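*Asks:* next comes the sequence, and after it the predicted model I'd like to discuss.
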Amino acid sequence: MSNFSLDDMNSMYIDVLREIGNIGAGNATTTIAQMLNERIDMKVPNVQLMEASELGTAICAEDEIIVGIFLEVQTDIAGSMMFLLPMDSAQNVVNMLMHRSSDYREPFDDMDLSALKEIGNIIAASYLSALSTMTQLTITPSVPYIAVDMAAAILSVPAIQFGQYGDNALLIQTEFGEENKVSGYFILMPEPDSYEKILTSLGIQM
(Lines give C-alpha, C1' and ligand atoms only; values in the text may rest on other atoms or scores of the structure.)
Protein backbone atom coordinates (compact mmCIF):
# COMPACT_ATOMS: atom_id res chain seq x y z
CA MET A 1 0.00 0.00 0.00
CA SER A 2 1.38 3.42 -0.92
CA ASN A 3 2.19 5.96 1.78
CA PHE A 4 1.38 8.85 -0.57
CA SER A 5 -1.21 11.34 0.67
CA LEU A 6 -2.79 14.35 -0.98
CA ASP A 7 -1.37 16.26 1.97
CA ASP A 8 2.06 15.76 0.34
CA MET A 9 1.13 17.85 -2.70
CA ASN A 10 3.21 21.00 -3.09
CA SER A 11 3.07 24.03 -5.39
CA MET A 12 5.00 22.28 -8.18
CA TYR A 13 2.41 19.51 -8.32
CA ILE A 14 -0.38 22.09 -8.36
CA ASP A 15 1.28 23.96 -11.26
CA VAL A 16 1.45 20.73 -13.28
CA LEU A 17 -2.18 19.91 -12.54
CA ARG A 18 -3.21 23.48 -13.38
CA GLU A 19 -1.53 23.10 -16.78
CA ILE A 20 -3.42 19.86 -17.35
CA GLY A 21 -6.59 21.76 -16.44
CA ASN A 22 -5.78 24.50 -18.97
CA ILE A 23 -5.14 21.98 -21.75
CA GLY A 24 -8.31 20.09 -20.85
CA ALA A 25 -10.29 23.34 -20.91
CA GLY A 26 -8.92 24.11 -24.36
CA ASN A 27 -9.92 20.67 -25.64
CA ALA A 28 -13.41 21.01 -24.16
CA THR A 29 -13.83 24.50 -25.61
CA THR A 30 -13.29 23.23 -29.15
CA THR A 31 -15.85 20.43 -28.79
CA ILE A 32 -18.51 22.51 -27.03
CA ALA A 33 -18.08 25.39 -29.50
CA GLN A 34 -18.75 22.93 -32.33
CA MET A 35 -21.87 21.65 -30.55
CA LEU A 36 -23.17 25.19 -30.03
CA ASN A 37 -21.95 26.38 -33.43
CA GLU A 38 -20.51 29.51 -31.87
CA ARG A 39 -17.23 30.80 -30.52
CA ILE A 40 -16.76 30.40 -26.78
CA ASP A 41 -13.90 30.96 -24.39
CA MET A 42 -13.11 28.62 -21.54
CA LYS A 43 -10.59 29.20 -18.78
CA VAL A 44 -9.37 27.62 -15.57
CA PRO A 45 -9.40 30.49 -13.07
CA ASN A 46 -8.62 28.47 -9.97
CA VAL A 47 -6.92 25.23 -8.93
CA GLN A 48 -6.66 24.57 -5.23
CA LEU A 49 -6.12 21.96 -2.59
CA MET A 50 -8.59 22.13 0.26
CA GLU A 51 -9.94 20.00 3.04
CA ALA A 52 -12.38 17.47 1.65
CA SER A 53 -14.96 18.53 4.22
CA GLU A 54 -14.91 22.06 2.72
CA LEU A 55 -15.68 21.02 -0.87
CA GLY A 56 -19.39 21.74 -0.53
CA THR A 57 -19.06 25.28 0.79
CA ALA A 58 -16.37 26.09 -1.80
CA ILE A 59 -19.00 25.72 -4.52
CA CYS A 60 -22.18 26.95 -2.83
CA ALA A 61 -24.21 26.54 0.33
CA GLU A 62 -24.55 22.89 1.31
CA ASP A 63 -28.34 22.98 0.98
CA GLU A 64 -28.30 24.42 -2.56
CA ILE A 65 -29.30 22.14 -5.43
CA ILE A 66 -26.48 21.39 -7.89
CA VAL A 67 -25.90 19.02 -10.81
CA GLY A 68 -23.21 16.37 -10.45
CA ILE A 69 -21.81 14.15 -13.22
CA PHE A 70 -19.81 11.19 -11.92
CA LEU A 71 -17.47 8.89 -13.87
CA GLU A 72 -15.10 6.13 -12.93
CA VAL A 73 -11.53 6.27 -14.25
CA GLN A 74 -9.81 3.07 -15.30
CA THR A 75 -7.08 1.26 -17.28
CA ASP A 76 -3.57 2.56 -16.35
CA ILE A 77 -4.91 4.51 -13.37
CA ALA A 78 -7.88 3.89 -11.12
CA GLY A 79 -10.20 6.30 -9.38
CA SER A 80 -13.14 8.53 -10.13
CA MET A 81 -13.99 12.07 -11.11
CA MET A 82 -16.88 14.49 -10.79
CA PHE A 83 -17.98 17.54 -12.73
CA LEU A 84 -20.28 19.83 -10.75
CA LEU A 85 -22.51 22.67 -11.94
CA PRO A 86 -24.45 25.14 -9.77
CA MET A 87 -28.08 25.21 -10.87
CA ASP A 88 -27.87 28.62 -12.60
CA SER A 89 -24.90 27.42 -14.67
CA ALA A 90 -26.61 24.13 -15.47
CA GLN A 91 -29.70 25.99 -16.70
CA ASN A 92 -27.56 28.38 -18.75
CA VAL A 93 -25.71 25.58 -20.53
CA VAL A 94 -28.95 23.67 -21.25
CA ASN A 95 -30.53 26.84 -22.64
CA MET A 96 -27.54 27.35 -24.94
CA LEU A 97 -27.71 23.76 -26.17
CA MET A 98 -31.48 23.87 -26.69
CA HIS A 99 -31.43 27.36 -28.24
CA ARG A 100 -33.81 28.67 -25.60
CA SER A 101 -34.18 32.12 -24.11
CA SER A 102 -31.50 32.80 -21.49
CA ASP A 103 -34.16 33.40 -18.81
CA TYR A 104 -35.89 30.01 -19.30
CA ARG A 105 -36.00 28.36 -15.86
CA GLU A 106 -38.37 25.38 -16.06
CA PRO A 107 -37.43 22.09 -14.30
CA PHE A 108 -35.14 19.80 -16.29
CA ASP A 109 -36.79 17.13 -18.41
CA ASP A 110 -35.14 13.91 -19.63
CA MET A 111 -33.69 15.63 -22.71
CA ASP A 112 -32.19 18.39 -20.57
CA LEU A 113 -30.57 15.86 -18.25
CA SER A 114 -29.20 13.97 -21.25
CA ALA A 115 -27.68 17.22 -22.59
CA LEU A 116 -26.09 17.98 -19.22
CA LYS A 117 -24.66 14.48 -19.03
CA GLU A 118 -23.15 14.93 -22.49
CA ILE A 119 -21.58 18.27 -21.54
CA GLY A 120 -20.15 16.74 -18.37
CA ASN A 121 -18.88 13.77 -20.37
CA ILE A 122 -17.18 16.05 -22.92
CA ILE A 123 -15.47 18.17 -20.28
CA ALA A 124 -14.39 15.15 -18.23
CA ALA A 125 -13.10 13.35 -21.33
CA SER A 126 -11.20 16.50 -22.35
CA TYR A 127 -9.40 16.64 -19.01
CA LEU A 128 -8.62 12.93 -19.13
CA SER A 129 -7.33 13.26 -22.70
CA ALA A 130 -5.02 16.09 -21.62
CA LEU A 131 -3.80 14.02 -18.68
CA SER A 132 -3.31 10.96 -20.89
CA THR A 133 -1.33 12.94 -23.50
CA MET A 134 1.00 14.50 -20.92
CA THR A 135 1.60 11.27 -18.97
CA GLN A 136 1.51 8.80 -21.88
CA LEU A 137 -0.84 6.70 -19.75
CA THR A 138 -3.99 5.06 -21.09
CA ILE A 139 -6.90 6.55 -19.15
CA THR A 140 -10.51 5.72 -19.98
CA PRO A 141 -13.75 6.97 -18.41
CA SER A 142 -16.84 4.93 -17.64
CA VAL A 143 -20.36 5.82 -18.72
CA PRO A 144 -21.29 8.99 -16.77
CA TYR A 145 -23.96 9.11 -14.08
CA ILE A 146 -25.89 12.28 -13.29
CA ALA A 147 -27.55 13.49 -10.10
CA VAL A 148 -29.48 16.63 -9.21
CA ASP A 149 -29.45 17.05 -5.45
CA MET A 150 -28.23 19.20 -2.56
CA ALA A 151 -24.50 19.96 -2.67
CA ALA A 152 -23.94 18.23 0.68
CA ALA A 153 -25.47 14.98 -0.62
CA ILE A 154 -23.56 14.95 -3.93
CA LEU A 155 -20.26 15.93 -2.35
CA SER A 156 -20.49 13.38 0.43
CA VAL A 157 -19.03 10.84 -2.03
CA PRO A 158 -15.69 12.60 -2.68
CA ALA A 159 -15.51 13.76 0.95
CA ILE A 160 -15.68 10.16 2.16
CA GLN A 161 -13.29 8.92 -0.52
CA PHE A 162 -10.68 11.62 0.07
CA GLY A 163 -10.97 11.09 3.79
CA GLN A 164 -9.35 7.69 3.26
CA TYR A 165 -6.32 9.23 1.50
CA GLY A 166 -5.62 12.48 3.38
CA ASP A 167 -7.24 15.70 4.47
CA ASN A 168 -6.88 17.54 1.17
CA ALA A 169 -8.74 17.31 -2.15
CA LEU A 170 -7.98 18.85 -5.55
CA LEU A 171 -10.63 21.19 -6.98
CA ILE A 172 -10.35 22.73 -10.47
CA GLN A 173 -12.76 25.52 -11.39
CA THR A 174 -13.77 26.06 -15.03
CA GLU A 175 -15.63 28.98 -16.63
CA PHE A 176 -16.96 29.38 -20.15
CA GLY A 177 -19.49 31.44 -22.07
CA GLU A 178 -19.94 35.12 -22.76
CA GLU A 179 -23.21 36.77 -21.64
CA ASN A 180 -24.40 33.89 -19.47
CA LYS A 181 -21.31 32.53 -17.76
CA VAL A 182 -21.14 28.87 -16.89
CA SER A 183 -19.05 27.94 -13.86
CA GLY A 184 -18.21 24.31 -13.27
CA TYR A 185 -16.06 22.44 -10.79
CA PHE A 186 -13.95 19.43 -11.64
CA ILE A 187 -12.79 17.02 -8.93
CA LEU A 188 -10.22 14.36 -9.85
CA MET A 189 -10.02 11.47 -7.40
CA PRO A 190 -7.30 8.98 -8.39
CA GLU A 191 -6.41 6.33 -5.87
CA PRO A 192 -3.11 7.10 -4.08
CA ASP A 193 -1.06 4.66 -6.18
CA SER A 194 -2.49 6.27 -9.31
CA TYR A 195 -1.54 9.77 -8.12
CA GLU A 196 2.03 8.56 -7.71
CA LYS A 197 1.93 7.00 -11.17
CA ILE A 198 0.62 10.26 -12.71
CA LEU A 199 3.26 12.43 -11.07
CA THR A 200 6.08 9.98 -11.83
CA SER A 201 4.98 9.89 -15.48
CA LEU A 202 5.22 13.69 -15.51
CA GLY A 203 8.81 13.49 -14.31
CA ILE A 204 8.07 14.61 -10.75
CA GLN A 205 10.13 12.67 -8.21
CA MET A 206 8.19 11.37 -5.24
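*Replies:* Sure thing, it's come through. Small disclaimer: the values here were computed from a predicted structure and weren't measured.
*Asks:* pLDDT weak spots in the chain?
*Replies:* For the chain, the stretches with pLDDT under 70 are 1-12, 38, 40-42, 44-45, 49, 52-53, 56, 157-169, 177-181, 204-206.
*Asks:* now the strands for it?
*Replies:* For the chain, applying DSSP state E gives strands covering 42-51, 65-75, 79-86, 139-141, 145-150, 168-176, 182-190.
*Asks:* format these as JSON lines; extra columns: distance to residue 109.
*Replies:* For glycine as for every other residue, the C-beta is placed from the backbone atoms N, C-alpha and C. Listed next are the strands of the chain as JSON lines, based on distance: least, Cβ to Cβ, whole Å:
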{"stretch": "strand 42-51", "distance to residue 109": "26"}
{"stretch": "strand 65-75", "distance to residue 109": "14"}
{"stretch": "strand 79-86", "distance to residue 109": "17"}
{"stretch": "strand 139-141", "distance to residue 109": "25"}
{"stretch": "strand 145-150", "distance to residue 109": "12"}
{"stretch": "strand 168-176", "distance to residue 109": "23"}
{"stretch": "strand 182-190", "distance to residue 109": "19"}
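*Asks:* would you turn the ones you listed into JSON lines with distance to residue 98 and mean neighbour count?
*Replies:* Converted to JSON lines, these look like this (distance: least, Cβ to Cβ, whole Å; neighbours: other Cβ atoms under 10 Å):
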{"stretch": "strand 42-51", "distance to residue 98": "20", "mean neighbour count": "16"}
{"stretch": "strand 65-75", "distance to residue 98": "15", "mean neighbour count": "20"}
{"stretch": "strand 79-86", "distance to residue 98": "15", "mean neighbour count": "23"}
{"stretch": "strand 139-141", "distance to residue 98": "25", "mean neighbour count": "18"}
{"stretch": "strand 145-150", "distance to residue 98": "16", "mean neighbour count": "15"}
{"stretch": "strand 168-176", "distance to residue 98": "17", "mean neighbour count": "21"}
{"stretch": "strand 182-190", "distance to residue 98": "14", "mean neighbour count": "23"}
